[in-house]
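**Q** Need the 3D shape of this:
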Amino acid sequence: MNIKQILKENSIGKNVVIKGWVRTRRDSKAGLSFIEVNDGSCLGNLQVIAENSLSNYDTEIIKATIGSSIIVEGIIVESPATGQKCELKANSINVLGYASNESYPLQKKKTSLEFLRKLAHLRPRTNTFGAMARVRNELSKATHDFFQNNGFIYLNTPIITASDCEGAGQMFNVTTFDLNNVPKLENGEIDFEQDFFGKHTSLTVSGQLEAETYALALSKVYTFGPTFRAENSNTTRHLAEFWMIEPEVAFNDINDNMDLAQAYIKYIINNVLTNCPEDLQFFNDRYDKGIIDTLRHIVNSDFKRITYTQAIDILLASSKTFEFPVAFGLDLQSEHERFLTEEHFKEPVIVYNYPKEIKAFYMRLNDDNKTVAAMDV
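**A** The predicted model follows:
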């Protein structure tokens with residue numbers, strides 16, 4: 001059993017085997033060691049009681065410091081201590097690998113994210129990275145569940161492509177050329193016919209183009225995979241590599257799209273609230289005091305739907321001083337979006353019918369000949 005199952009279920013009296021890493025070890029004068037073990041299945045640890053009567057207590061167990069990997073076999077018993085329902089009374093402990101107490105960098109003291117950048121091989125063992133991985137896993141699972149339950153077909157679109165998509169940013173080139181000796185034509189241009197694919201290729205910025213063609217045969221499809229954009233990543237909204245979810249539905253209108261976006265967002269957030277409460281509480285305590293209330297508010301809200309024109313009118317009528325100008329034809333900035341959602345409506349907002357000049361060429365032109373049927377949550 002993993003530790004998540006043991007802590008979640010009524011496991012008192014069961015004989016179990018756990019495999020994990022030592023988070024802390026405290027030795028008692030009474031000839032006991034209290035070892036906190038974590039296996040990554042959840043945020044919580046399971047306390048192991050190791051008695052000095054175990055055959056390898058003095059030779060091995062006593063040397064298993066923070067970071068050591070161990071296998072423990074024993075019986076789950078009720079814990080007399082407050083804050084924990086049960087603990088594992090060890091019948092045997094096998095130490096697979098020791099970590100040096102002096103040099104192991106992840107001690108009980110708090111470590112900064114900047115420090116963890118230098119510990120790529122160990123940072124998944126921290127509470128932050130473990131919680132982040134479990135939440136992301138739940139989001140991925142919920143994404144597939146949502147679209148599968150709603151009749152969508154999952155597509156794997158190309159990662160290497162010769163096509164750009166909506167000018168999403170500079171693309172990363174893919175080539176087999178020796179960059180110190182690139183073949184060129186007489187006019188000085190690169191001779192891509194000699195490259196592996198015979199033409200200029202890049203890492204994909206979107207699977208949208210392929211998904212659109214499949215939607216016109218399969219009706220409802222979605223992509224969920226890595227995308228790459230060579231953008232200046234000086235904001236929290238720009239990443240060189242990220243996983244993108246792109247549904248494409250034949251016969252949808254703008255209202256259908258808004259319904260789909262709202263339903264999807266509510267579904268995945270509700271799944272995380274239900275299945276990752278410990279991890280969200282950790283984020284709420286350590287990083288964002290209001291994150292759980294915010295997520296619950298989103299799930300319980302009807303998203304306010306306004307046109308781009310209405311959004312501009314609301315911003316212009318406010319007494320708020322914005323850093324970026326507000327005018328019809330200019331894109332909305334983060335400060336404008338935050339004012340609409342956090343101050344004016346106090347709920348999630350969907351803005352639709354944007355000016356055609358600031359959206360991609362393929363957006364459906366509305367009857368006013370000025371706006372297109374585009375929407376952003």
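
**Q** contacts, neighbours, all on C-alpha from now
**A** Fine.

**Q** So the residue lying closest to V17 once chain neighbours are set aside: helix, strand or coil?
**A** In this structure, V17 finds its nearest non-sequential neighbour in E73, 4.4 Å apart by Cα to Cα, 6 or more residues apart in numbering. Under DSSP: H, G, I helix; E, B strand; the rest coil, E73 falls in the strand class.

**Q** and E73, how many neighbours?
**A** Neighbours of E73 under the rule other Cα atoms under 10 Å: 18.

**Q** residue contacts, it?
**A** If a contact means Cα atoms under 8 Å, 6 or more residues apart in numbering, then E73 has N15, V16, V17, I18, A90, N91, S92, I93 as its contacts.

**Q** how close does the residue nearest to the first one when sequence neighbours are not counted get to T371?
**A** The one in question is N15. Spatial nearest neighbour of N15, chain neighbours left out: I75 (4.4 Å); criterion: Cα to Cα, 6+ apart. Computed as Cα to Cα, to the nearest Å, the I75 to T371 distance reads 67 Å.

**Q** Can you verify my assumption that K89 contacts L54?
**A** No: when contacts are counted by Cα atoms under 8 Å, K89 is not listed as touching L54 (11.2 Å).

**Q** Compare those two and say which one has the larger neighbour count.
**A** The neighbour count for K89 versus L54, taken as other Cα under 10 Å, is higher for K89 (22 against 13).

**Q** Could I get the phi/psi values of that one?
**A** For K89, the backbone dihedrals (degrees, to the nearest 10) come out as phi -90, psi 110.

**Q** Which strand residues bridge it?
**A** I49, I75 (DSSP bridges).

**Q** how much space between it and L315?
**A** 63 Å.

**Q** Next: T321.
**A** 10 Å.

**Q** thinking again about what came up before, I75 and T371 - which one has more neighbours?
**A** Applying other Cα under 10 Å to I75 and T371 shows that T371 carries more neighbours, namely 23 against 19.

**Q** tell me the contacts of that one?
**A** T371 makes contact with N353, Y354, P355, K356, L365, according to Cα under 8 Å, 6+ apart.

**Q** mind running it again at 10 Å?
**A** By Cα atoms under 10 Å, 6 or more residues apart in numbering, the contact set of T371 is 307-309, 329, 352-359, 363-365.

**Q** C276 now?
**A** With contact taken as Cα under 10 Å, 6+ apart, C276 is in contact with C42, L43, A131, R134, V135, E138, N270.

**Q** Helices of the stretch 51-200 of the chain, residue ranges please.
**A** Per DSSP state H, counting those that start in this stretch, the stretch 51-200 of the chain carries helices over the ranges 113-116, 127-149.

**Q** For the shortest one, which residues meet the burial criterion?
**A** Of all the residues in helix 113-116, those buried under the rule 16 or more other Cα atoms under 10 Å are L116.

**Q** Please tell me how far that helix is from the chain's geometric centre.
**A** Taking Cα atoms, centre = their mean, to the nearest Å, one finds helix 113-116 lying 19 Å from the centre of the chain it belongs to.

**Q** Any stretches of the protein with poor pLDDT?
**A** 166-169, 233 (pLDDT under 70).

**Q** Quick test: name the residue nearest the centre of it.
**A** Computing the C-alpha centroid of the chain and ranking residues by Cα atoms, centre = their mean puts R136 first, at 3.7 Å.

**Q** Next one: that one from F251, what distance?
**A** 31 Å.

**Q** Could you do W243 as well?
**A** W243 sits 26 Å away from F251, taking Cα to Cα as the criterion.

**Q** So which of those two has more stuff around it?
**A** Between W243 and F251, W243 has the larger neighbour count (other Cα under 10 Å), namely 13 against 10.

**Q** how far away is that one from Y352?
**A** Taken as Cα to Cα, the span from W243 to Y352 is 24 Å.

**Q** Could you pull out the strands in the stretch 251-377 of the chain for me?
**A** Counting by DSSP state E, counting those that start in this stretch, the stretch 251-377 of the chain has these strands, from start to end: 304-307, 349-355, 371-376.

**Q** Show me which residues of the shortest one are buried.
**A** So the one you mean is strand 304-307. Going by neighbour count (16+ other Cα under 10 Å), the buried part of strand 304-307 is R305, T307.

**Q** Could you check how far it is from the centre of its chain?
**A** 27 Å.

**Q** picking up where we left off before, wait, the residue nearest to N15 touches A50, no?
**A** No: I75 is beyond contact range of A50, at 11.6 Å (criterion: Cα atoms under 10 Å).

**Q** what residues do those two have in common as contacts?
**A** L88, K89, A90, N91.

**Q** looking at it, the first one is touching V77, isn't it?
**A** Yes: the pair L88 / V77 is scored as a contact, 6.1 Å apart, by Cα under 10 Å.

**Q** show me what contacts D279?
**A** Going by Cα under 10 Å, 6+ apart, D279 touches 42-44, 127-128, 130-135, 272-273, 285.

**Q** cool, and V37?
**A** So V37 contacts 3, 18-25, 44-48, 66-72 (Cα under 10 Å, 6+ apart).

**Q** swap in E189?
**A** By Cα under 10 Å, 6+ apart, the contact list for E189 reads V182, P183.

**Q** So what does it look like in phi/psi?
**A** phi -80, psi 160.

**Q** what's the spacing between it and V174?
**A** 17 Å.
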